[in-house]
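Enquirer: how would this look folded up:
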Amino acid sequence: MLSIRQMREADVATAAAIEQHEVSAWSKNLIGSELGCAQATLLVACNNSSVIGWCCARMVGEEAELLKIGVTPVWRRRSVGTALFAELLERLLTAGVELLLLEVRSRNKAALGFYSGLGFTAVGRRIRYYSHPGDDALIMKKSVQ
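Expert: Below is the predicted model of the structure:
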């Protein structure tokens, strides 16, 4: 059964393991440092007691930035990311956030389709923003209502 909850320190290693499947993987230290950030919201998706996905956003006033959504490969395309995003959106709305931004690799067609399906629209581009491999970042936004 899928459930979404606040990330705990004990979840950091599992989130970092999920990240190892990503091109721009976050380290265990980076994920752990976000837990200590007052402006950050970190959530995990669990199947029974196993963490199968996670997300992170930072809020500053009426704006927030979605920094990461990651789902373990075997659970992708099974609405885990959508469930994480729905819970995150609810929390951002409750906190008074009005605008949500993100950056995504311009060649990441799966992520672009996912974010477009959630109602994000491209509003800008950062040329050669990513390395290993090199890519532009698309800046996307969504109203939080």
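
Enquirer: Could I get the full set of helices for the protein?
Expert: 12-19, 28-35, 80-94, 109-117 (DSSP state H).

Enquirer: Just the buried positions in stretch 30-39, please.
Expert: Across stretch 30-39, burial judged by 16 or more other C-beta atoms under 10 Å covers L30, I31, G32, E34, L35. C-betas here are computed from N, CA, C, even on glycine.

Enquirer: would JSON lines of the helices of the chain with mean pLDDT and distance to L102 be doable?
Expert: Formatted as JSON lines, those follow (pLDDT from 0 to 100; distance: least, C-beta to C-beta, whole Å):
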{"stretch": "helix 12-19", "mean pLDDT": "95", "distance to L102": "17"}
{"stretch": "helix 28-35", "mean pLDDT": "94", "distance to L102": "15"}
{"stretch": "helix 80-94", "mean pLDDT": "96", "distance to L102": "11"}
{"stretch": "helix 109-117", "mean pLDDT": "93", "distance to L102": "7"}
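
Enquirer: Would you indicate which residues of stretch 103-113 are buried?
Expert: Neighbour count says stretch 103-113 has E103, V104, R105, S106, N108, A111, L112 buried, by 16+ other C-beta under 10 Å.

Enquirer: what's in contact with it?
Expert: With C-beta atoms under 8 Å, 6 or more residues apart in numbering as the contact definition, stretch 103-113 has outside contacts at 23-24, 115, 125-126, 129-130, 135-140.

Enquirer: returning to that earlier point: mark which of the buried residues of stretch 103-113 are part of strands, please.
Expert: Cross-referencing these against strands under DSSP state E gives E103, V104, R105.

Enquirer: Make a markdown table out of these and add pLDDT.
Expert: As requested, those are exported to a markdown table (pLDDT from 0 to 100):
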| residue | pLDDT |
| --- | --- |
| E103 | 96 |
| V104 | 94 |
| R105 | 92 |
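
Enquirer: and of these, the nearest to S79?
Expert: V104 (19.3 Å; C-beta to C-beta).

Enquirer: The closest one and G113, how far apart?
Expert: 11 Å (C-beta to C-beta, to the nearest Å).

Enquirer: same question, N47
Expert: Following C-beta to C-beta, the distance that separates N47 from G113 is 23 Å.

Enquirer: buried residues in stretch 64-83?
Expert: For stretch 64-83, the neighbour count (16+ other C-beta under 10 Å) marks 64-72, 75-76, 80-81, 83 as buried.
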